[in-house]
Every structure is written in structure tokens, then in C-alpha cells.
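J.: I would like to see how this sequence folds:
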Amino acid sequence: MTREHVLVRPMAAVYAVESPSLQGAIPKSISVVDVHTAELVNELEDILKSIPTESPPGSEDIYGLDTSIVFDSEDLVWQNGSPQGCGRGESSVKPMEDDKTKFKRAVEIVKELQAKDA
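T.: Residues are numbered from 1 along each chain as shown. Coordinates of the predicted model:
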């Protein structure tokens, strides 16, 4: 999979990489003028606000999907993994099963956003 960066609105950026490392992301921009896209971005932000990240950052792939997401907006900065990748220890934070389900949905949303035309 090509690593992509999806700019989803002014001052908001999000990408998912099917790797614990975030290096080498390829920028891509899309508009949120489309109602469906705006709904996806809002759903993604709501999900990310409700789930934890590993602690310390980059220590462990707590969701077990070998996928990192970065979301940066005026309202929220959220990142799991690190630019160098996960795997340098054990996280003191462990997600609940519900959190893992939400993270899987977040990955689905990011992939749908990545597939949209610029």
C-alpha cells in the first residue's frame, strides 16, 4: 500500500500507514465540501477523541493492526505509533475491546478518505 497523507480540511491532516512507522507519507489533499466527506471526518474525530494511544508514544502497537493514524485539526491532535514506528517496549495503556473496534472503524474511514479524488 502506498503511504498517503490526506488533508481533509484547513488545519486538519490525517493519514494511516499500514506499518508501525509513519515515515515516507505521500501528501494528498481532498475537500470536505462534500457532505459525506465532512461526515466521515467528523466521525473519525469523534472516534479518536474517545480512544487511547500507547504510552509512552511509539512503545507498542496496542491495536494490533500494524497501522498508524495521525489526525491534526484545530480541535484535536491524535497520533498512535511514532515516525520511527512502534515496538520499543510495552505500553502502560491497554485499549478495551470496544476501543479496538473503534480503531478498526477509524482505519476504514481513513482508507475511504484516501480513496477519494482530490
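J.: okay, CA-based contacts and neighbour counts for the rest of this
T.: Will do.
J.: got any ranges where the protein has weak pLDDT?
T.: 1-33, 82-88, 117-118 (pLDDT under 70).
J.: where exactly do the helices run in it?
T.: Per DSSP state H, the chain carries helices over the ranges 35-50, 97-115.
J.: got the angle for the shortest one vs helix 97-115?
T.: The one in question is helix 35-50. Relative orientation of helix 35-50 and helix 97-115, computed by axes from the mean of the first three to the mean of the last three CA atoms, to 10 degrees: 150 degrees.
J.: how about helix 35-50 as CSV, C-alpha atoms only?
T.: Extracted in CSV, the C-alpha atoms of helix 35-50 (Å, rounded to 0.1, in the frame of the first residue of the first chain):
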residue,chain,number,x,y,z
VAL,A,35,-21.4,16.3,2.9
HIS,A,36,-20.4,12.6,3.1
THR,A,37,-16.7,13.5,3.4
ALA,A,38,-17.4,16.0,6.2
GLU,A,39,-19.5,13.4,8.0
LEU,A,40,-16.6,10.9,7.7
VAL,A,41,-14.1,13.4,9.1
ASN,A,42,-16.4,14.3,12.0
GLU,A,43,-17.0,10.6,12.8
LEU,A,44,-13.2,10.0,12.7
GLU,A,45,-12.5,12.9,15.0
ASP,A,46,-15.2,11.7,17.4
ILE,A,47,-13.7,8.2,17.4
LEU,A,48,-10.2,9.4,18.0
LYS,A,49,-11.3,11.6,20.9
SER,A,50,-12.7,8.6,22.6
